[in-house]
Structure formats: structure tokens, C-alpha cells
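Asker: Generate a structure from the sequence data that follows.
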Amino acid sequence: MAIPTEPIGSIPRPAELLAAMRAHAAGKISAEQLKTAEESALRDTIARLEETGSPIITDGEQTKPSFATYPLSGLSNLASDGAVIPFADGHTRQLPKLTAGPFRYGIHAVAYLKAAQRHAHRPLKQAVISASALSLLYPQDGLPGYPREMFLKDLIDEAERDIRQSLENGAACVQIDFTEGRLALKLDASGGVLNAFVDLNNRVLDRFTTAERQRIGVHTCPGGDQDSTHSADVDYSDLLPSLFRLNAGRFYVQLASEPDRRRVLSMIRGLLKPGQMLFVGVTDPINPRVESPEEVRDRVAEAAKLIPIESLGTTDDCGFSPFADDTSTSRETAFAKVKSRVEGTAMAATALGV
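Answerer: Model (predicted):
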């Protein structure tokens, strides 16, 4: 395919897996029984993603508790009363809070990659959570004997390992989820928090070579959970200049649900550096209507008027169910949207003669 296309990551979990997760949490089934349900969901998800024709696939994040909290699995130095993320419809998500150092990941993304590789016949993309999102685990009043800078050093080491192991074990590319970027401007309109987030993530990215960074991308969106967002009311003009300071080779930008896509593309055109790839969102995961391939084709053509075609790719605005318990979107809708993205992107490539 002349115009690359990639998924963001998550696919809604099947009902059987969600039931097994609840049963295991309640002590009603064994870890082995849960593992069987996870393996079945993983195998089915990969097969169905491959059936869409997608040239690059993911594991659908079937076995992650969420896109943000997977590194915390099995950790004992956490409390439940961490930062709260409010969504536009009134529901919230709450992060844990670190209670003692040192900070180490309980699981690294490479474990998910290796599990998916057992079933995949196409290149796999691996999504990882940003260092800036996990920096929110550190309590505002500090921790005795474990100052914030020591925590950040440990965090950066772990975030680097998360990316590097995935690259070294065969991931086609690695996507850093940075949905908190736009949210940061809602929490601090001055941009101070956002720029601190960018600087922190660059401390991770600067540990990689230029060639390695061509395979590392950053995803931004206004959140997508239970058919709601946390920061869609924040204007892209406030986010994009800081976003494109990130030393990444690829950017995955929510665009399908934006009211004025051309305006956003015009801003990005002035910020995109030579050699960087822009993957524009052409499907909206929280809209139940499935976009037609022709609609996707037209959105790609719209982007191609402003972005050099050699720098242009397509994606979904966000993951379909980034939190495991989100059942607002069906698996059938998610796979149908992916298929339309793939087919529409191919149609656009033909129409544009590339």
C-alpha cells in the first residue's frame, strides 16, 4: 500500500473475556482459566484484524487492564487514591498513587508483543504508555527517602526499556500513548504542565538514535472512553506547537472527529519536520456510525492537499476500548471501521496516483 495505515491499538474485548476477568477478580476461576480466555480473545482479535487487510496490526490490547496502567500489574507499592481524570459525560477514571520507591514496571510491553507474535502473520505494532502519564503516580506531597527526581530517573529508565525491548524483539514500530497532552492544557492553560510532559518524554526519546526514532511514534487524542472525551474542548492550536517538539519520527493525530480538519492540517503543515510521518485519524471510534471507504478516501484526499504525500499515513482517532471494561463500542463496529480505513486508504492511494 502506497499510503501507510495503522491502528492505534485497542479493540473491544469479547464478552467471554470480560466475564472471565470479573470471575477471576472475584476468586471464582483460576489464573489458568483466565489465561485460556485471554489466549482465545488474543487469537481471535489478531485473526480478525488480519482479515481487514491491515498491513500492520496490534494485539488489540486484549490482555491489558488498560492502555495506561499495564506496567503496574503486580506492584504492591501503590494506593488507589491517585489522580482523577474527569470526562465530559461526568464519569471519571482514577490512577493509583505510588506509596514507596523504587519505581519499577511490573510488566513490560514486550511480554504482550511476544504473546501476539505466536499468532500473527503480519507485522505488529506495539503501544506503550508515556513516561509523562506515569509521572502522575508520584504524590504531590512527595515520598520520604524517594525524591521526585530519583523517581523520574527510575521512570525514564523503565520507559526506555519498554520501548527498546519492543523494538529489539521485532515490533514494526512503537507508539507512545500521550493522550494526557491535550488534557494537560485543561488542567493548566499556561502550558507549563504540557511542556514539562514534553520535556520528560524527550528525556526518554533522546536515548534512541535517529534511525530508531523513525520507528517510534506519539499518539494524541482528547481521550476516548465510554463514548466520551476528556479534553476535546481544548483547541489544537494550543497543543500542536508543543506536541511537535517531541523527538519522534511518527505522529498519530486524532482528526476525524475534529470540526475543522483543514485548519488543523494547516497548522501541522508548518510544524512537521522533514522525515517525520503524520498519521491522520480518518475514523472516529466513539461514533457508532461506520465510515464508508469512500468517506475515508475523501478524508485522505483532504489531508493530501496540505501534507506531502510521502509524509502522510492514516489511522483511527483513538483506540476503540483503551480501558478493558469499556463496552460502549462493539467488536463488530470496531473491525468494520478498521476495514473501511484500510479500504479507503487504498482507494485514496489509487486516486492520488501513488
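
Asker: Could you point out which residue ranges in the chain have low pLDDT?
Answerer: 1 (pLDDT under 70).

Asker: try 90 this time
Answerer: Within the chain, the ranges that satisfy pLDDT under 90 run 1, 9, 84-86, 88-89, 92, 187, 222-229, 231-232, 321-328.

Asker: Strands of that one, start to end?
Answerer: 78-79, 84-86, 92-94, 97-98, 125-129, 173-177, 216-220, 250-253, 277-283, 312-316 (DSSP state E).

Asker: quick one, which of the ones you listed is nearest to residue 71?
Answerer: strand 125-129 (6.6 Å; CB to CB). Heads up, the C-betas are built off the backbone N, CA and C, glycines and all.

Asker: Which strands or helices does that closest one pack on?
Answerer: Under the contact criterion of 3 or more CB pairs under 8 Å, 6 or more residues apart in numbering; DSSP states H and E, strand 125-129 touches helix 110-117, helix 148-168, strand 173-177.

Asker: Point out the most buried one among the ones you listed.
Answerer: strand 173-177 (a mean of 25; mean count of other CB atoms under 10 Å).

Asker: on that earlier part again, I'd like the helices and strands packed on strand 125-129 laid out as CSV, including distance to residue 59.
Answerer: Shown next, in CSV, are these (distance: least, CB to CB, whole Å):
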stretch, distance to residue 59
helix 110-117, 4
helix 148-168, 12
strand 173-177, 12
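
Asker: quick one: which of those is nearest residue 206?
Answerer: Using CB to CB, the helices and strands packed on strand 125-129 put helix 148-168 closest to residue 206, at 9.7 Å.

Asker: which other helices and strands contact that closest one?
Answerer: Helix 148-168 packs on helix 110-117, strand 125-129, helix 131-134, strand 173-177, helix 192-205, going by 3+ CB pairs under 8 Å, 6+ apart.

Asker: Would you confirm that residue 3 contacts residue 349?
Answerer: Yes - between residue 3 and residue 349 there is a contact under CB atoms under 8 Å: 4.5 Å.

Asker: Could you give me the buried positions within stretch 273-289?
Answerer: For stretch 273-289, a neighbour-count test (16 or more other CB atoms under 10 Å) marks 276-286 as buried.

Asker: Save these as TSV, and put in distance to residue 147 too.
Answerer: Shown next, in TSV, are these (distance: CB to CB, whole Å):
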residue	distance to residue 147
276	35
277	38
278	38
279	38
280	41
281	39
282	45
283	44
284	43
285	39
286	40
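
Asker: Number of residues surrounding the residue nearest to residue 258 when sequence neighbours are not counted?
Answerer: Spatial nearest neighbour of residue 258, chain neighbours left out: residue 264 (5.5 Å); criterion: CB to CB, 6 or more residues apart in numbering. Residue 264: 22 surrounding residues under other CB atoms under 10 Å.

Asker: give the contact list for residue 264.
Answerer: 236, 240, 253, 255, 258 (CB atoms under 8 Å, 6 or more residues apart in numbering).

Asker: Which of these has the largest number of neighbours?
Answerer: residue 255 (25 neighbours).

Asker: just checking, it touches residue 317?
Answerer: Yes - using CB under 8 Å, residue 255 makes contact with residue 317 at a distance of 6.8 Å.

Asker: Give me the common contacts of those two.
Answerer: residue 281.

Asker: just to revisit the earlier point, which one of the buried residues of stretch 273-289 sits closest to residue 72?
Answerer: Closest to residue 72, out of all of the buried residues of stretch 273-289 and judged by CB to CB, is residue 285, at 24.2 Å.

Asker: Now the closest one: phi and psi?
Answerer: phi -60, psi -20 (degrees, to the nearest 10).

Asker: which residue is nearest the centroid of the protein?
Answerer: For the chain, residue 177 is the residue whose C-alpha lies nearest the centre (CA atoms, centre = their mean; 3.8 Å).

Asker: is that residue in a bridge, and if so with what?
Answerer: For residue 177, the beta-bridge assignment (DSSP bridges) gives partners residue 129, residue 219.

Asker: so who does it touch?
Answerer: 9, 67-68, 127-130, 133, 219, 322.

Asker: Repeat that for residue 131.
Answerer: Contacts of residue 131 (CB under 8 Å, 6+ apart): 155-156, 159, 200-201, 203-204.

Asker: mind running it again at 6 Å?
Answerer: Counting by CB atoms under 6 Å, 6 or more residues apart in numbering, residue 131 makes contact with 155-156, 159, 200-201, 204.

Asker: Disregarding flanking residues, what is the spatial nearest neighbour of it?
Answerer: Closest to residue 131 by CB to CB, 6+ apart is residue 159, at 4.0 Å.
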